[in-house]
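1. Any chance you could fold what I've pasted below:
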Amino acid sequence: MAPDGEALLRFPEGFLWGSATAAHQVEGQPAQSDWWTWEQIPGKIRDGNTAERACEWWAGRYAQDLDLAQSMGHNALRLSVDWARLEPQEGQWDQSAIERYREILRALRSRGIEPMVTLFHFVSPLWLADKGGWTDEATIRRFEKFTERVVESLGDLVNLWCTINEPNVYATYSYLLGIWPPEKHSFTTTFRVIRHQLVAHALAYRAIHRLQPEARVGLAQHLHLFDPWRPDSALDRAAARAQDYLFNELVLSAPADGILRPPLAMNVKVPELVDSQDYVGLNYYSRDMVAFDLRQPGMLFGRRFAMPGAEYSMDGWGEIYPEGLYRLLKRLERYGKPIYVTETGLPDNDDSKRPRFLVTHLAAMHRAIAQGVPVKGLYFWSLVDNFEWKEGFAARFGLIALDITTGQRTLTASGRLFGEIVRARGITEAMLHRYAPELIEKTPA
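-> Coordinates of the predicted model:
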């Protein structure tokens with residue numbers, strides 16, 4: 001065992017320790033976007049809140065959160081820019097917004113925190129939404145132009161870019177399940193949106209490298225595990241594979257080999273899409289069990305449900321399953337690229353489960369690294385309690401707790417633990433004893 005206070009599960013030199021945010025969720029004073037417009041409709045947001053204040057970053061309170069990030073030892077932060085704020089009308093650019101983002105990026109760098117900037121994180125300018133948003137093929141080129149302008153404006157402060165966050169989640173929630181704007185229910189439209197976003201990613205990737213050859217560029221892939229309820233059932237296995245193919249594999253394979261597989265397209269190869277990532281970004285939260293069910297044709301005859309008896313995050317949000325992070329990291333190893341865990345976390349309003357979540361998921365990550373998987377950094381979701389889309393402030397993910405009435409920030413127990421982990425460069429024996437004693441016997445001496 002390691003000496004007292006030293007990490008038993010030690011992470012490599014140069015590992016990025018950080019957390020993640022998204023513009024609409026933290027900034028406040030929103031621009032005219034599809035999300036801001038939708039939030040004004042009564043009943044759309046669970047707790048009746050909107051992003052009008054959010055975490056008040058646009059009013060300057062980002063500095064408080066970055067100070068707390070620095071106190072936790074962050075050397076990285078993932079954040080996004082708001083397309084609606086930067087280009088409020090097509091072809092019209094707000095220079096003051098560009099300057100504000102430069103101010104935030106300089107504040108990060110002055111604290112020794114490396115930014116990863118995401119270019120699209122779910123929110124579209126209202127003018128773009130009125131033209132059909134990502135259902136319109138012309139949006140591919142619009143996004144390319146947006147990318148060029150952002151990189152020209154911010155590239156001297158950013159070396160690490162994420163083009164698009166979770167194309168599969170965005171398309172599924174907005175165009176298949178219809179629980180996010182514009183609330184559509186269309187299988188074909190869902191996959192048209194994913195196709196457009198993948199091609200837009202490819203053009204953005206090429207544009208960034210034309211302007212900034214040394215940049216590192218990827219996209220954040222949300223991967224969800226689908227396990228057969230009865231592993232010995234061929235039907236359950238087939239149903240789970242179908243769910244995995246449509247949600248995970250379609251978006252995962254395309255930036256590697258450039259092929260748009262059915263139902264995205266009939267195995268069309270897009271040259272710009274081939275090898276269009278310098279790293280693979282993994283967003284991981286949970287898994288579902290899948291059982292074959294003839295009554296579920298819309299879900300490819302696969303009925304999804306949570307593992308009975310497992311540990312869950314709040315309100316049944318999903319199973320807490322750290323083994324899933326290890327499994328997915330091993331799956332990504334085949335791409336031969338550096339891997340960043342660009343999001344993982346859980347809603348935990350009283351911060352009672354998050355410390356154990358941190359330790360068990362980092363232990364799973366360390367296990368993958370020890371087996372040669374090139375994991376280069378972690379961005380925990382999220383830095384601060386924020387406007388959590390349809391949930392408003394009813395679901396708290398932050399290492400920093402936010403009082404939405406007063407704006408007061410408080411470092412949580414999990415935030416303090418995160419700082420201890422960073423300072424130790426890993427997980428100590430004492431942390432395992434306190435939060436995950438079942439892992440001690442599995443840890444090499």
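
2. Disregarding residues adjacent in the polypeptide, which is nearest to R367?
-> Leaving aside its sequence neighbours, R367 sits nearest to Y326 (C-beta to C-beta, 6 or more residues apart in numbering; 5.5 Å). Every C-beta, even on glycine, is put in place using the N, C-alpha and C of the backbone.

3. per-residue pLDDT, that neighbour?
-> Predicted confidence (pLDDT) for Y326: 98.

4. where does it land in three-state SS?
-> helix (DSSP: H, G, I helix; E, B strand; the rest coil).

5. count of residues packed around it?
-> Other residues near Y326 come to 20 when the count uses other C-beta atoms under 10 Å.

6. residues in contact with it?
-> Listed by C-beta atoms under 8 Å, 6 or more residues apart in numbering, the contact partners of Y326 are A364, M365, R367, A368.

7. What is the burial count for the second one?
-> In other words, M365. The tally of other residues near M365 (other C-beta under 10 Å) stands at 25.

8. For the contacts of Y326, pick the one with the most neighbours.
-> Compared across those, M365 has the highest neighbour count, 25 neighbours, by other C-beta under 10 Å.

9. Please identify the helix or strand for it.
-> Taking DSSP states H and E as the criterion, M365 maps to helix 354-370.

10. and that helix, what other elements does it pack with?
-> Applying 3 or more C-beta pairs under 8 Å, 6 or more residues apart in numbering; DSSP states H and E, we find helix 354-370 packed against strand 7-10, helix 322-332, strand 375-381, helix 413-424, strand 426-428, helix 429-435.

11. again, 10 Å this time
-> strand 7-10, helix 322-332, strand 339-343, strand 375-381, helix 413-424, strand 426-428, helix 429-435 (3 or more C-beta pairs under 10 Å, 6 or more residues apart in numbering; DSSP states H and E).

12. quick check: angle from that helix to helix 322-332?
-> Calculated by axes from the mean of the first three to the mean of the last three C-alpha atoms, to 10 degrees, helix 354-370 forms an angle of 30 degrees with helix 322-332.

13. Can you point out the buried residues in helix 354-370?
-> 354-369 (16 or more other C-beta atoms under 10 Å).

14. For the stretch 201-350 of the chain, which segments count as helices?
-> Assigned by DSSP state H, counting those that start in this stretch, the helices in the stretch 201-350 of the chain fall at 234-244, 250-257, 322-332.

15. For the stretch 1-150 of the chain, just list every one of the strands.
-> In the stretch 1-150 of the chain, the strands defined using DSSP state E, counting those that start in this stretch lie at 7-10, 16-20, 76-80, 114-120.

16. Just the CA trace of the second one, in CSV.
-> If I follow you right, that is strand 16-20. The C-alpha trace of strand 16-20 is given here as CSV (Å, rounded to 0.1, in the frame of the first residue of the first chain):
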residue,chain,number,x,y,z
LEU,A,16,-6.2,17.1,-17.0
TRP,A,17,-8.4,17.6,-13.9
GLY,A,18,-11.4,19.7,-14.6
SER,A,19,-15.2,20.1,-14.8
ALA,A,20,-17.6,21.2,-17.4
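
17. Averaged pLDDT, it. What do you get?
-> In this model, strand 16-20 has an average pLDDT of 98.

18. go on, the first one?
-> This predicted structure assigns strand 7-10 an average pLDDT of 95.

19. Over to the longest one?
-> In this model, strand 114-120 has an average pLDDT of 99.

20. That strand - which strands sit beside it in the sheet, and in what orientation?
-> strand 76-80 (parallel), strand 160-165 (parallel) (DSSP bridges).

21. quick one: buried residues of the first one?
-> By that I understand strand 76-80. For strand 76-80, by 16+ other C-beta under 10 Å, it's A76, L77, R78, L79, S80.

22. mind listing what the third one touches?
-> So the one you mean is R78. Contact analysis of R78 by C-beta atoms under 10 Å, 6 or more residues apart in numbering lists 16, 18-22, 114-118, 121, 160, 162, 165, 220, 281, 340, 342-343, 377, 379-383.

23. Show me the shaky parts of the stretch 301-445 of the chain.
-> 444-445 (pLDDT under 70).

24. Can I get the contacts of Y326 in CSV including distance to E311?
-> Converted to CSV, the contacts of Y326 look like this (distance: C-beta to C-beta, whole Å):
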residue, distance to E311
A364, 14
M365, 18
R367, 19
A368, 21
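
25. Among these, which one lies nearest to G60?
-> Taking C-beta to C-beta as the measure, G60 sits nearest to M365 out of the contacts of Y326, at 34.4 Å.

26. Is it correct that that closest one is in contact with L378?
-> Yes: with contact taken as C-beta atoms under 10 Å, M365 and L378 are classed as touching, separated by 6.9 Å.

27. Now the nearest residue to I140 once chain neighbours are set aside: phi and psi?
-> The shortest distance from I140 to any residue other than its chain neighbours is 4.5 Å, reached at A200 (C-beta to C-beta, 6+ apart). A200 adopts backbone torsions of phi -60, psi -40, taken as degrees, to the nearest 10.

28. which residues touch A200?
-> A200 makes contact with 119-120, 134, 137, 139-144, 146-147, 163-164, 167, 219, according to C-beta under 10 Å, 6+ apart.

29. Give me the buried subset of the residues you listed.
-> Burial by neighbour count, judged by 16+ other C-beta under 10 Å, picks out 119-120, 134, 139-140, 142-144, 146-147, 163-164, 167, 219 from those.

30. That concludes my questions; thank you for your assistance.
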